[in-house]
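[1] how would this look folded up:
(2 chains)
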There are 2 protein chains.
Amino acid sequence: MSALTHLECALCGKHYPARQPWNLCVDCGRPLWVRYDLKEVARQFTKPELSQRPATMWRYRELLPVDAHTDIVSLGETMTPLLEAPRLAAQFGLSNLFIKDESRLPTGSFKARGMALAVTMAKSFGLSTLAAPTAGNAGGALAAYAARAGLQAWIFMPEDSPAINQKECALAGARAFAVNGLIDDCGRLVREGASAMGWFDFSTLKEPYRIEGKKTMGLELAEQCDWVLPDWIFYPTGGGTGLLGMWKAFEELAAIGWLRGSKRPRIVACQSDGCAPIVRAWDAGERFAKRFENARTIASGLRVPQAVGDFMILDALRASDGVAVAVAESEIPGWMSLGNSEEGIAVCPETAVCLGALHRLVGQGRIGREDRVVIFNTGAVHKYPEAIGATLPRIDLREPVDWEKLARRGA
Amino acid sequence: MSALTHLECALCGKHYPARQPWNLCVDCGRPLWVRYDLKEVARQFTKPELSQRPATMWRYRELLPVDAHTDIVSLGETMTPLLEAPRLAAQFGLSNLFIKDESRLPTGSFKARGMALAVTMAKSFGLSTLAAPTAGNAGGALAAYAARAGLQAWIFMPEDSPAINQKECALAGARAFAVNGLIDDCGRLVREGASAMGWFDFSTLKEPYRIEGKKTMGLELAEQCDWVLPDWIFYPTGGGTGLLGMWKAFEELAAIGWLRGSKRPRIVACQSDGCAPIVRAWDAGERFAKRFENARTIASGLRVPQAVGDFMILDALRASDGVAVAVAESEIPGWMSLGNSEEGIAVCPETAVCLGALHRLVGQGRIGREDRVVIFNTGAVHKYPEAIGATLPRIDLREPVDWEKLARRGA
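    Numbers count the residues shown, from 1 in each chain, chains lettered A, B, ... in the order given. Reported below is the predicted structural model:
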């Protein structure tokens, strides 16, 4: 059995028994944390044993809610590389800049971690129909893992979501729909449909296990840093599950005594000024965030006008001595281009926002030259052709090639 | 130092010294094999030592040409998962069907293996400008690894290549051009430009090291199968580097005594009937393949009308007791849909062709129910939105939702 003990409301603290499906807290309507007997984990789990296991997210099973007899729903969630980025570092005047490349997971995004775990749990509970709204990559991941598990997925996404996200859902056999609204409109459809049709609501933070999957980002990062956490983490923040999962990972690792040193990273929640509800709440010193009206950004994963875990994100930022930063929407293509051309890493629009935020904080003198900085690349830029403006110069084979002219055109 | 000894023409056998750049054989114009002192490798390289190394393609360094002091150009080439595909197997009446998911490499395709190694070697030789034609994903991989290495890439691709391949090249800072022709027209431009502008010709098989990178597909597969090779390998065949690299891997593993049993897999080279030069040559019993005129297929990686390594591919098929199979172009979307919806694996159009070929051979009674069959998924379907016909049904928020009707529309 896993060391899983119970679930606990993140706002009112109410407890719920484990090993049965839950959505939000029935009293206050807020998300549930998954809790473990961390003393038991500390007794059972050792670093030497960990080092012998396959390099996948499941290697941290003592800190995951999956019982031993449960069939894991997996598409091969291999550990993602933590890549040093020396050229990019030089652009910012830094010496220790790293990118953790989450684009290398199934379906090309970090969403795979959450869905692999949440679908595994849903299947173990005997749920058959999972429904979720999505701004893009979460839909692709849900569709893929539901197909892998033999479950049915209902997916609702804004009609202006990236084309590939719409197509990958249909291709994987999900019942997917394009909606003329935003992700919270899609969330309302799921809520109504769950009630009318008996679907299980799989929305971000409305089921408690996606965050446990995302937690493995933090566990991997800690292991890859030999249990000394970096000084700064820049994280693109939409629904916030990844940020919360990572912070939870650090807390649990501290509790089992695995971290070397007491330092925790300062977390920077990065948003586009086209949709920056967390930044607005942070700047106003509030614990809850108001809906951000007329949300618009090419970073589709950040187009979340209202997050049910808003207070959890803001709490984590405060606890980490971090900050929330909004970057100008118009700057995203430039930062995306810099990340891709300096290092060849498939930096997506959401992560481009992190580069803009890093530039801002470096400019304000808040980041030391020697500070260790980690940026998460949450998805493959290949899934965002709409966000890449570049078109290639054309060569017409019917005309002789002027090589010198070509060299100037290609420059 | 690596156990690398020399290079050897695949047709006339002429030898070339290692540790300097070469293109094709200067005598007969055909590709060069990279050769090692395999007795020395057998002495130095042990399975227990291998098992302790990080799970990347570089773990097989004794069988790679990279000297110890050479800086590896890497974007984190983690081992790709070998996924059991039970639902898909049931569709074909098989019991042991596996997909090796190469879409999980940097830039979302198997091309990363070849480019990581070839760019590493090019950088070690002091080359500064690399030029290649591409039907799609090879361009994206070259652009990314050149960026990572700080080298310049010139890339020429058919103007009807997938949009994302064109955009990813530009985004990574390559000098990339769209050409109103096919990949061999682009190859001619590279040849002329290399001569006029001093670029190094990085075309498929025109530099000898991409095949060594692709070889790691076979090395990984063998290790993942605990050194007992499968009965059948289905491989989508364009330029053929992957197929050749894999076969070379099996030969070298046999030479160092690592394979358990003498059995080699039967290799099935899979093409679309829209571009099937290898299948035509195979059916005609010829050693060289004629150019396939009017090549047309949505599987862009297979749109290679003439391959400089044609005879090497045909030799390998004969040696493996394999076969070349053409699948109807019109069937590709159906097979792609089956692969994605049955298993949630991001099966690309090229790999869809393998599913069609498998169906054919199973129908002919050539594959036993218990045979172990491995299919390579060479790229992420996310890079092929043009090849996915599906569009989503739309929900208009201004109208009330009829849930029962929705259930029928989404079915």
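[2] pLDDT at the residue nearest to residue A:255 when sequence neighbours are not counted, what is it?
    Nearest non-adjacent residue to residue A:255, counting by C-beta to C-beta, 6 or more residues apart in numbering or on different chains: residue A:38, 4.4 Å away. The way it works is simple: take the backbone N, C-alpha and C, and place the C-beta from them, glycine included. pLDDT recorded at residue A:38 is 98.
[3] and residue A:217, by the same measure?
    pLDDT, residue A:217: 98.
[4] tell me how far residue A:205 lies from residue A:44.
    28 Å (C-beta to C-beta, to the nearest Å).
[5] neighbour count: the two, which is higher?
    The neighbour comparison of residue A:205 against residue A:44 (other C-beta atoms under 10 Å in any protein chain shown) goes to residue A:205, with 23 against 12.
[6] what number of residues lie near the closest residue to that one other than its chain neighbours?
    Leaving aside its chain neighbours, residue A:205 sits nearest to residue A:31 (4.2 Å; criterion: C-beta to C-beta, 6+ apart). Neighbours of residue A:31 under the rule other C-beta under 10 Å: 26.
[7] next, the contact list for residue A:31, please.
    A:9-10, A:24-25, A:205-206, A:208, A:211, A:308-309, A:312 (C-beta atoms under 8 Å, 6 or more residues apart in numbering or on different chains).
[8] so which of those wins on neighbours?
    residue A:211 (31 neighbours).
[9] quick check: that residue vs residue A:284, distance?
    Computed as C-beta to C-beta, the residue A:211 to residue A:284 distance reads 26 Å.
[10] using PDB, write down the CA coordinates of the helix or strand harbouring residue A:405.
    Under the criterion of DSSP states H and E, residue A:405 resides in helix A:403-410. The C-alpha trace of helix A:403-410 is given here as PDB (Å, rounded to 0.1, in the frame of the first residue of the first chain):
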ATOM      1  CA  TRP A 403      24.400  32.200 -54.000                       C
ATOM      2  CA  GLU A 404      25.600  35.600 -52.700                       C
ATOM      3  CA  LYS A 405      22.100  37.000 -52.800                       C
ATOM      4  CA  LEU A 406      20.800  33.800 -51.100                       C
ATOM      5  CA  ALA A 407      23.400  34.300 -48.300                       C
ATOM      6  CA  ARG A 408      22.000  37.800 -47.800                       C
ATOM      7  CA  ARG A 409      18.400  36.700 -47.800                       C
ATOM      8  CA  GLY A 410      19.000  33.800 -45.400                       C
END
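[11] determine the set of other helices and strands touching that helix.
    strand B:175-179, helix B:183-197 (3 or more C-beta pairs under 8 Å, 6 or more residues apart in numbering or on different chains; DSSP states H and E).
[12] and the last one with helix A:403-410, angle?
    It refers to helix B:183-197. 110 degrees (axes from the mean of the first three to the mean of the last three C-alpha atoms, to 10 degrees).
[13] any residue of helix B:183-197 touching chain A?
    Yes - counting by C-beta under 8 Å from any C-beta of the partner chain, contacts between helix B:183-197 and chain A involve B:185, B:189, B:192-193, B:196-197.
[14] remind me which residues of chain A are low pLDDT?
    A:410-411 (pLDDT under 70).
[15] rerun at 90
    A:1, A:68-70, A:135-136, A:182-184, A:261-263, A:389-391, A:401-411 (pLDDT under 90).
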